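**Student:** Give me the fold of what follows.
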Amino acid sequence: MTDYSKNLYFDPNLESNIVVPFKISQALRFNQKGKYHTLGDRGLTAASSYQAIALESLLISSADTIVTHYIQHSVLLSPRDELAPPMAPFRLIKKEQKKDRSQRCAEGLKAGQARFPLHQVPSPPPKLKKSNLIPVLGEEAVNDLVAVEPPVNLKIKEHQCYLKATEECKLTKE
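**Tutor:** Take a look at the predicted model:
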């Protein structure tokens, strides 16, 4: 135990409660002499020690060596850019987002319409309403209007059901 009575700040009333931590320091461990020399020279010579190195045992005549007669070339590493995470895109303000979205939609619509004349995609059927029944169906409607009208009424009814369901799903202001 250490003598604390010589300490100016020592309180003798606390002497019984003092617990001195005891730490055992670790001993230093040194690497073997020449460890890193042999690791570095592993690709340069076939000899196992420095005493056995001769000019003939040096591996400097092959094409893929990092050492030539004059220069020690550095080992090529992959660029750090490949390892870096991709940069996050810039955030657009609300107005720019709307503009970008409308431009993308217009481009998609234009590309879709360009496929119709090329016959890559069949053109969509014309919209049927009571007002344009005869111009759309043409000769069919003129010949037998009674046979053509029920499918048109059915389509109109389906569309009205769709509009009603959409209206019910809309969010209210509450």
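**Student:** Kindly export stretch 148-165 (C-alpha atoms) in CSV.
**Tutor:** The C-alpha trace of stretch 148-165 is given here as CSV (Å, rounded to 0.1, in the frame of the first residue of the first chain):
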residue,chain,number,x,y,z
VAL,A,148,-75.3,-1.1,-81.5
GLU,A,149,-76.9,1.0,-78.7
PRO,A,150,-76.9,-1.5,-75.7
PRO,A,151,-73.0,-2.1,-75.7
VAL,A,152,-72.6,1.7,-75.8
ASN,A,153,-75.0,2.2,-72.9
LEU,A,154,-73.1,-0.5,-71.0
LYS,A,155,-69.8,1.3,-71.5
ILE,A,156,-71.4,4.6,-70.4
LYS,A,157,-72.8,2.9,-67.3
GLU,A,158,-69.4,1.4,-66.4
HIS,A,159,-67.7,4.8,-66.9
GLN,A,160,-70.3,6.4,-64.6
CYS,A,161,-69.7,3.7,-61.9
TYR,A,162,-65.9,4.4,-62.2
LEU,A,163,-66.4,8.1,-61.8
LYS,A,164,-68.7,7.5,-58.7
ALA,A,165,-66.1,5.2,-57.1
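**Student:** who touches that stretch?
**Tutor:** Under the contact criterion C-beta atoms under 8 Å, 6 or more residues apart in numbering, stretch 148-165 has outside partners 128-130, 133, 137, 140-141. Every C-beta, even on glycine, is put in place using the N, C-alpha and C of the backbone.
**Student:** Tell me how many other residues surround residue 159.
**Tutor:** 13 (other C-beta atoms under 10 Å).
**Student:** whoops, I mixed them up, residue 160
**Tutor:** Count around residue 160 with other C-beta under 10 Å applied: 10.
**Student:** quick check, nearest of the contacts of stretch 148-165 to residue 170?
**Tutor:** Here the nearest of the contacts of stretch 148-165 to residue 170, counting by C-beta to C-beta, is residue 129; it sits at 23.8 Å.
**Student:** Could you find the closest non-adjacent residue to the closest one?
**Tutor:** Excluding its sequence neighbours, the residue lying closest to residue 129 (C-beta to C-beta, 6 or more residues apart in numbering) is residue 156, at 7.2 Å.
**Student:** Give me the neighbour count for that neighbour.
**Tutor:** 13.
**Student:** domain assignment for this structure?
**Tutor:** Listed by automatic domain parsing, the domain ranges of the chain are 34-74, 92-124, 125-174.
**Student:** now those domains in a markdown table, with distance to residue 24?
**Tutor:** Shown next, in a markdown table, are the domains of the chain (distance: least, C-beta to C-beta, whole Å):
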| stretch | distance to residue 24 |
| --- | --- |
| domain 34-74 | 27 |
| domain 92-124 | 62 |
| domain 125-174 | 70 |
